[in-house]
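1. Kindly generate the corresponding structure for this input.
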Amino acid sequence: MVKNMQSFCSLLVRLLAFGATLSAAIVMATSHEKTSFFSLPVEAKYSHTPAFKYFVIANAIGSAYSLLLLFLPTAAGSLSALVIASDVVLTMVLTSSISAALSIAYVGKEGNSYAGWLPICDQVPKYCRHVTGALIAGFIGAFLYMLLLHYSIYTRCKSSIS
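-> Numbers count the residues shown, from 1 in each chain. Below you'll find the predicted structure:
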């Protein structure tokens, strides 16, 4: 009974991680806005920034990985070490993509007076809200992957001790 409940909780968290990473990728990929600034046309798109592209790719890989593992049988004990190693790699990739995207988003919101970069969120607020939503979903996905990673390591160590 306890084993089934643990498997269900792990499956549920993995499903939530799939939803978070998929929504982060979709929201970021659909973020765009056109406006004019001093009579000059300005277009803000995620694809104009390499860090945002990396964020979309990392979250798309995370959601595909989660979807793949949802169909993997839970009794596949021989694959548990590979799943743990893959969870570690994916968690670090998601964390690095969030860090890169967050640094660009911060510059977009606040600017950088030392470099002479002006903030853009006053001119393209819809775009900035999309990016913020994607970053929040990305944070949730990375946090859920960290939980899954800790749980996987815990159950692997517990099973090897007993």
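2. how near is residue 104 to residue 60?
-> 18 Å (Cβ to Cβ, to the nearest Å). From N, CA and C alone the C-beta is placed, and that goes for glycine too.
3. so who does residue 140 touch?
-> residue 20 (Cβ atoms under 8 Å, 6 or more residues apart in numbering).
4. could you measure it against residue 21, distance?
-> 9 Å.
5. confidence score at residue 76?
-> Per-residue confidence (pLDDT) for residue 76: 54.
6. likewise the one 10 residues further on?
-> Per-residue confidence (pLDDT) for residue 86: 90.
7. residues in contact with it?
-> Here residue 86 is in contact with residue 65 (Cβ under 8 Å, 6+ apart).
8. starting at the chain centroid, how far to the helix or strand that it is a member of?
-> According to DSSP states H and E, residue 86 maps onto helix 80-110. Offset of helix 80-110 from its chain centre (Cα atoms, centre = their mean, to the nearest Å): 6 Å.
9. count of residues packed around residue 152?
-> Residue 152 has 19 neighbours, counted by other Cβ atoms under 10 Å.
10. picking that back up, so which bits of the helix holding residue 86 are buried?
-> By neighbour count with 16 or more other Cβ atoms under 10 Å, helix 80-110 contains the buried residues 83-84, 86-87, 90-91, 93-95, 97-98, 100-102, 104-105, 107-108.
11. how far away is the most far-flung residue of the chain relative to its centre from residue 64?
-> Going by Cα atoms, centre = their mean, the residue of the chain most distant from its centre is residue 39, 36.1 Å out. Remark: distance between residue 39 and residue 64 (Cβ to Cβ) = 43 Å.
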